[in-house]
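Engineer: with the input below, show me the fold.
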Amino acid sequence: MSTAESVHNGSVRGEPVREASVRERAPSRRAGAPWHADPYVRALRAGRGPLFLRRADGWMLPLDVERWCADPDAADRTVLRRCQSPTLDIGCGPGRLVAALALLGRPCLGIDVSQAAVARTLRAGGPALCRSVFEPLPGEGRWGTALLIDGNIGIGGDPRALLARVAQLIVPGGLLLVEAAAADVDERVRVRVDDGRGGVGTAFPWARVGIPALLHHARTAGWAPAEQWTAQDRGFMALRRTPPGPRSATER
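Structural biologist: Below is the predicted model:
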């Protein structure tokens, strides 16, 4: 069975996509991971914030938990229309995008390091695994589209390394759909999940990248810009994985 078929049928390479199996397969080291912090888990379970990413200097970035836990909005639908199956949603959160793709019968898989997020995705009808993008994944090199939405270009705090990793997951010529920061920014920071009421998680690396910086990092990681658009004040970029060129005689 192909990856696309197995994902569509609710399993990945023979792994049943069930909440219990996700819990069993999740490495124990994740128990203290930032996205397991109580403020994040409580917000996901409630389906609402307030929730922020807080830098050491006190600056806080609001997280739109209500939008994440709702059905896809008009801006999200511009992303869904561009997906080429099968689609891998990296940092799927509570799973609104992967659940919508699954409802349309589109082969897809969500991954997230938060067990609470994966559990909510499964309840919404989306296939998902509790896994980091930097861990071994099903179907590496065979995904038609990858998604980095809701600021997930910041995962790991190193956009160039993340883009290089995603290039390993996508078929040559495949598509990466990225949501960039609204500001012209290119920063790497350490942040904590903060509920604004005294609940704070552990510190972890994050990045914020606007369109100009995203284009720069993408080109160095083997991605070519394919399209740029804005919807509901959110900025998106479609990147195409450039196939490696023919090797020269000296490289053979």
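Engineer: tell me where the stretch 151-252 of the chain has strands.
Structural biologist: 170-180, 186-194, 204-209, 223-231, 234-241 (DSSP state E, counting those that start in this stretch).
Engineer: dump the ones you listed into TSV; add mean neighbour count as well.
Structural biologist: For every residue, glycine as well, the C-beta is placed using N, CA and C. Shown next, in TSV, are these (neighbours: other C-beta atoms under 10 Å):
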stretch	mean neighbour count
strand 170-180	21
strand 186-194	19
strand 204-209	22
strand 223-231	15
strand 234-241	21
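Engineer: tabulate the ones you listed (CSV), appending distance to Ala43 and mean pLDDT.
Structural biologist: Converted to CSV, the strands of the stretch 151-252 of the chain look like this (distance: least, C-beta to C-beta, whole Å; pLDDT from 0 to 100):
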stretch, distance to Ala43, mean pLDDT
strand 170-180, 20, 97
strand 186-194, 9, 95
strand 204-209, 16, 96
strand 223-231, 24, 97
strand 234-241, 20, 97
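Engineer: columns distance to Asp73 on top of the ones you listed, output as JSON lines?
Structural biologist: Listed next are these as JSON lines, based on distance: least, C-beta to C-beta, whole Å:
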{"stretch": "strand 170-180", "distance to Asp73": "13"}
{"stretch": "strand 186-194", "distance to Asp73": "23"}
{"stretch": "strand 204-209", "distance to Asp73": "22"}
{"stretch": "strand 223-231", "distance to Asp73": "9"}
{"stretch": "strand 234-241", "distance to Asp73": "9"}
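Engineer: Pro159: which of the ones you listed is closest?
Structural biologist: strand 204-209 (5.1 Å; C-beta to C-beta).
Engineer: next SSE downstream of the helix or strand of the chain with the lowest mean pLDDT?
Structural biologist: Scoring the helices and strands of the chain by mean pLDDT, DSSP states H and E places helix 19-25 at the bottom, with a mean of 32. The first helix or strand that comes after helix 19-25 along the chain, using DSSP states H and E, is helix 38-46.
Engineer: list the buried residues of that next one.
Structural biologist: For helix 38-46, the neighbour count (16 or more other C-beta atoms under 10 Å) marks 39-41, 43-44 as buried.
Engineer: could you do stretch 159-167 as well?
Structural biologist: 159, 162-163, 165-167.
Engineer: now pLDDT and distance to Gly93 too, for those residues, in TSV please.
Structural biologist: Shown next, in TSV, are the buried residues of stretch 159-167 (pLDDT from 0 to 100; distance: C-beta to C-beta, whole Å):
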residue	pLDDT	distance to Gly93
Pro159	97	19
Leu162	98	16
Leu163	98	20
Arg165	98	19
Val166	98	17
Ala167	96	23
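Engineer: restricted to helices, list these.
Structural biologist: 159, 162-163, 165-167 (DSSP state H).
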